[in-house]
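A.B. asks: requesting a structural model of the entry that follows:
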Amino acid sequence: MRRKMSDQWASGFTNRVNTRIDELGYNKRQIAMTFKIDRKLITGERFNAPSCYTLIMLSEILKCSTDYLLGLEDINGEKLKQERQS
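C.D. replies: Okay, the predicted model is just below:
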């Protein structure tokens, strides 16, 4: 069962995915259809955590790390400080 993502985390994830899609000149719909990734995940309409398979697939397609997509590091691989949530 997938957990519901917080709106802030989901928004950040979607923004990072879309930034990479735009930087690489890809088409969101084409990526979703070609790689069988839920279009709603890319557009931000759905806020469920992606499966491990989807996360890895996106990182390969978008030429970035899974940690970048998850907001744990920047695009250059530098770790980001994480605020602890209680």
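A.B. asks: what comes up buried for stretch 28-35?
C.D. replies: Neighbour counts using 16 or more other C-beta atoms under 10 Å place 31-32 of stretch 28-35 among the buried residues. Placement of C-beta: from N, CA and C, glycine included.
A.B. asks: what's the lowest-mean-pLDDT helix or strand in the chain packed up against?
C.D. replies: For the chain, scoring each helix and strand by mean pLDDT, DSSP states H and E identifies helix 39-43 as the least confident one, at a mean of 82. Using 3 or more C-beta pairs under 8 Å, 6 or more residues apart in numbering; DSSP states H and E as the contact test, the elements touching helix 39-43 are helix 7-24, helix 28-34.
A.B. asks: show me what counts as buried in stretch 66-80.
C.D. replies: Of the residues in stretch 66-80, those buried under the neighbour-count criterion (16+ other C-beta under 10 Å) are 68-70, 73.
A.B. asks: can I get the helices and strands packed on helix 39-43 in a markdown table with distance to G44?
C.D. replies: Written out in a markdown table, the entries for the helices and strands packed on helix 39-43 read as follows (distance: least, C-beta to C-beta, whole Å):
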| stretch | distance to G44 |
| --- | --- |
| helix 7-24 | 4 |
| helix 28-34 | 10 |
